[in-house]
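**Student:** quick one, structure for this:
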Amino acid sequence: MKINVIKYLFFTLIALFFQAKLIHAQTLYLPHYTTKDGLPSNNCYFTLQDKKGYIWVATDAGVSRFDGSNFENFSVDDGLPDNQILQLKEDSKGRIWFLALNGQLSYFFNGKIYNAENEPKLKLLKLNAVVVSFFEDSKGRIWFGTNKNVIACWNEESVLQYRSSNQQKQFINAFIHEDSKSNIWVYSTQAIHVFIERDFVLINDSILPLSYKTSLNLKNKSMYFLDKSGLNLKTGFTVKKVLPITSDLLTNNPGYIYTNDKEIWLSNNSGVSILGFNGSRKQILKDIDVNQVIKDRNDNMWFTTKNGIYRLPNPKERLYILNTESGLSNNTIKSITKDGKNRLWLGLGDAKINLLDVGTKHVQRIDIPDKKRYNNIKQFRLDTIRNTMYFSSDYGLGKLENIYSDKPKFNYLKEANNSVFVVKNFSLDSDKKLALALSSGVVIINDRINKLEFNALAYKEKQDYFKERS
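**Tutor:** Numbers count the residues shown, from 1 in each chain. Reported below is the predicted structural model:
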């Protein structure tokens, strides 16, 4: 979606009325979706974008599917085995799987929810445990890690269950991974196992993931995971430390992570930290308990929280809240326009004009000496040929000439008899004329370049004055 600059500023000003978190000298606006927008609950556990582009949200009151405008909700009344859905996964067949708190599995396919009552194959998957991880391998088999010492492998016809006999090295809260050689790995907080022939074999390794939430399978069959000292990249049997991370972030209940080749987005009870592999560090959603970060196919970032979900638009569509903390003279913005150098002209209260460079966010302030007459700058018009910006208030009109120079020159509209006039609107033609809508009618000024003046006592009806046209 393309957003032009004027529309950009319009939404920026609207965003002044919403809550967001500060990034440097400007505030980034994140759309926030809650029960007021249609979610079944604000307590959200997991978010997924499916192959069709829908955004699915798992909550403690059912599941919601978002099409970009509306939320469609599903509950036990629609076939869910439990309203508390902890995770969502999509398999290669396009089935959306629901991982429920009561341990029962179900999925959505072609408009219908399938569960153990209406799909006999799912009866095989009663594991008497909460499923915490879901993985489909290269052979189409689906693996389930649980909160107990059991792992299940399902091929739709049968299910195999695996348990560790070592009481100190169990499969509790396991994460499943497949490497480039089709080896199946199981990572828990106690141990690492690899599947060899018909069973899992213990691997002696001291580098263990913090949890199944902080492990992430990649398309190239490598794997990122957090341990107690930072971010690691596993490729085959090799583990490489990618980024050391401070303990304050790793011990604050980290959630599901997102990584790319430049940075990790780490969620926890204090918000989201964006940690660059070059050492950079930013934070958004400060002091908000965030459980998950994902990126959709349009490069939007989604954040799952206990108070709904937030969306960070892709960089080309992001909105920023600009106010006095950003350098504006005041927050009373009455008008906006753009000049030929991509600067935004902001007409403010208290006889002030601010110029905002959209790229750098630098603000240049211009004060109009006559604060009483030009208290609120309510309109701009740009003469692109002569590089002149015209502006008006309720009781005056002026222009700034040579606006791209270091010292633009002020000039003001005069009434020959010094009469007070009320400006409702004005417009410029491509030549020299200026049409001025006053409370009494429309006045035409024939030469705005050389003589910015009119005489209210010398109107010529239907030539330079049109009564009751304003």
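**Student:** low-confidence bits of the stretch 51-200 of the chain, can you list those?
**Tutor:** Scanning the stretch 51-200 of the chain for pLDDT under 70 picks out nothing.
**Student:** list the buried ones in stretch 435-454?
**Tutor:** 435-438, 440, 442-445, 448-449, 452, 454 (16 or more other CB atoms under 10 Å). Placement of C-beta: from N, CA and C, glycine included.
**Student:** which two in those are spaced the farthest apart?
**Tutor:** Using CB to CB, these reach their maximum pairwise distance at 440 and 449, which is 24.9 Å.
**Student:** ok so, going back, least confident of the buried residues of stretch 435-454?
**Tutor:** Note: of the buried residues of stretch 435-454, the lowest pLDDT belongs to residue 440, at 88.
**Student:** that residue contacts residue 459, doesn't it?
**Tutor:** No: counting by CB atoms under 8 Å, residue 440 does not reach residue 459; the two are 9.2 Å apart.
**Student:** so for residue 26, what's the pLDDT?
**Tutor:** Reading off the model, residue 26 has pLDDT 57.
**Student:** can you show me the helices along the stretch 151-300 of the chain?
**Tutor:** 247-250 (DSSP state H, counting those that start in this stretch).
**Student:** residue contacts, the spatially most central residue of the chain?
**Tutor:** For the chain, the residue nearest the mean C-alpha position is residue 312 (0.9 Å; CA atoms, centre = their mean). Contacts for residue 312 (CB atoms under 8 Å, 6 or more residues apart in numbering) come out as 28, 30, 284, 300, 301, 302, 303, 318.
**Student:** from these, which is closest to residue 239?
**Tutor:** The closest of the contacts of residue 312, once distances to residue 239 are taken by CB to CB, is residue 301, at 27.3 Å.
**Student:** I figured the closest one hits residue 295, correct?
**Tutor:** Yes: the criterion here is CB under 8 Å, and residue 301 meets it with residue 295 at 5.5 Å.
**Student:** and these two? which has more neighbours close in?
**Tutor:** residue 301 (19 against 16; other CB atoms under 10 Å).
**Student:** quick check: closest non-adjacent residue to that one.
**Tutor:** Leaving aside its chain neighbours, residue 301 sits nearest to residue 312 (4.0 Å; criterion: CB to CB, 6 or more residues apart in numbering).
**Student:** roughly how far apart are that neighbour and residue 279?
**Tutor:** Noted for residue 312: a distance of 22 Å to residue 279, by CB to CB, to the nearest Å.
**Student:** could you do residue 468 as well?
**Tutor:** As judged by CB to CB, residue 468 and residue 279 stand 68 Å apart.
**Student:** next, show the common contact partners of residue 301 and residue 295.
**Tutor:** The contact sets of residue 301 and residue 295 overlap at residue 258 (CB under 8 Å, 6+ apart).
**Student:** so what's residue 153 up against?
**Tutor:** Taking CB under 8 Å, 6+ apart, one finds 141, 142, 143, 144, 159, 160, 161, 162 in contact with residue 153.
**Student:** closest one of these to residue 244?
**Tutor:** Closest approach between the contacts of residue 153 and residue 244, by CB to CB: residue 143, at 31.0 Å.
**Student:** correct me, but that closest one touches residue 150?
**Tutor:** No: when contacts are counted by CB under 8 Å, residue 143 is not listed as touching residue 150 (11.5 Å).
**Student:** tell me which of those two has more neighbours.
**Tutor:** Taking other CB under 10 Å, residue 143 and residue 150 do not tie; residue 143 has more neighbours (23 against 19).
**Student:** how far away is that one from residue 459?
**Tutor:** 86 Å.
**Student:** okay, strands next: where are they in the stretch 1-150 of the chain?
**Tutor:** Per DSSP state E, counting those that start in this stretch, the stretch 1-150 of the chain carries strands over the ranges 21-23, 26-29, 32-33, 44-49, 55-59, 62-66, 71-74, 85-90, 96-100, 105-109, 112-114, 131-136, 142-146.
**Student:** out of those strands, which gets nearest to residue 289?
**Tutor:** With CB to CB as the measure, strand 44-49 is the member of the strands of the stretch 1-150 of the chain nearest residue 289 (10.6 Å).
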